[in-house]
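A.B. asks: with the sequence up front, the predicted model follows.
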Amino acid sequence: MLQVVIKERGAMPDYQLTNNKAEGEQLLLSRRELVLMLIAGLLSLPAGLQGLIALFRYISVPSRSFTGAVAPNWVPAGLVKDLTIEQPKVINFGESIVYVMKAKEGKIKAFSGTCPHAGCLVSYDADKTKFVCPCHGGEFDLNGKRVAGPPPTGLFEHKVKISLGRVIVGRRKDV
Ligand code: FES
C-alpha cells in the first residue's frame, strides 16, 4: 500500500519513493509538494463535474431525436374550429410530425407520426381512413391503435391543451 509521509524541512531530498517490503511503499513529500498536489486535484474537479453534468443531461432528456435535437415542449396547431372530425391535420413537431384531429365525440387528439416499429414517418390514407407506414406495412386506426403489420404498439399519443380556442400540442404522453 502506498503511504504518503510528510518529511521535515531539509531532512531529505524533495521527494522519494521507497519500496520497503516490510513497510510497503512510502512517498515522501514536503508540505509544499503535498499542497501543490492537492491544488492540482481540486483544479481537475470542474472538468470532471462538467463531464458528469453532460452525461446526466444526455441520459435524462427523453425526447432527443436521432440527430440529437431536443423536441419542443409545446407547439401551436391552429384553431379548434378549423379541425374537421376524423380528418387528421399534420403539423411539424421538432424534427418529426404529429397528426392532430378531432375525434367523433369532439375530443382533440394528437398522435406521433413516427412509426413505433423502426421510426419511419407514417402518412394518413383518407381512403382507408388509416395511418399507414411505407416501410413494412404497419397500419393504425384513427385512435392510433395498430391494426396491421409489425409495429409492437400503436402510435404514441401526444398531450393536447386548448387555450382561447387554439390547439397546442405537447410531448408524448408516455415519456
Ligand atoms: S417502420 Fe413502420 S412498419 Fe416498420
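C.D. replies: Nice, I can see it.

A.B. asks: from the ligand, how far out is Val80?
C.D. replies: 30 Å (C-beta to the nearest ligand atom, to the nearest Å). Glycine gets a C-beta too; all of them are placed from N, C-alpha and C.

A.B. asks: tell me which parts of this protein are close to the ligand?
C.D. replies: Neighbours of the ligand within the chain, by C-beta under 6 Å from any ligand atom: Cys115, His117, Ala118, Cys120, Cys133, Cys135, His136, Gly138, Gly149, Pro150, Pro151.

A.B. asks: what about those, which are in helices?
C.D. replies: Among the residues of the chain next to the ligand, no residue falls in helices (DSSP state H).

A.B. asks: just the buried members of these?
C.D. replies: Cys115, His117, Cys133, Gly138, Pro151 (16 or more other C-beta atoms under 10 Å).

A.B. asks: dump those to a markdown table, plus pLDDT.
C.D. replies: Below are these laid out as a markdown table (pLDDT from 0 to 100):
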| residue | pLDDT |
| --- | --- |
| Cys115 | 98 |
| His117 | 98 |
| Cys133 | 98 |
| Gly138 | 98 |
| Pro151 | 98 |
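
A.B. asks: looking at these, spot the one nearest Gly165.
C.D. replies: In terms of C-beta to C-beta, no member of those lies closer to Gly165 than Cys115, at 31.7 Å.

A.B. asks: tell me the one among the buried ones among the residues of the chain next to the ligand nearest to Thr84.
C.D. replies: Cys133 (23.4 Å).

A.B. asks: that closest one touches Ala148, doesn't it?
C.D. replies: No. Counting by C-beta atoms under 8 Å, Cys133 stays clear of Ala148, with 9.4 Å between them.

A.B. asks: overlap in contacts of the two?
C.D. replies: Residues touching both Cys133 and Ala148 by C-beta atoms under 8 Å, 6 or more residues apart in numbering: Glu139.

A.B. asks: okay, domains of the chain per the record?
C.D. replies: 3-60, 74-172 (automatic domain parsing).

A.B. asks: least confident of these, on average?
C.D. replies: Looking over these, mean pLDDT reaches its minimum on domain 3-60, with a mean of 57.

A.B. asks: and stretch 141-158, end to end?
C.D. replies: 16 Å (C-alpha to C-alpha, to the nearest Å).
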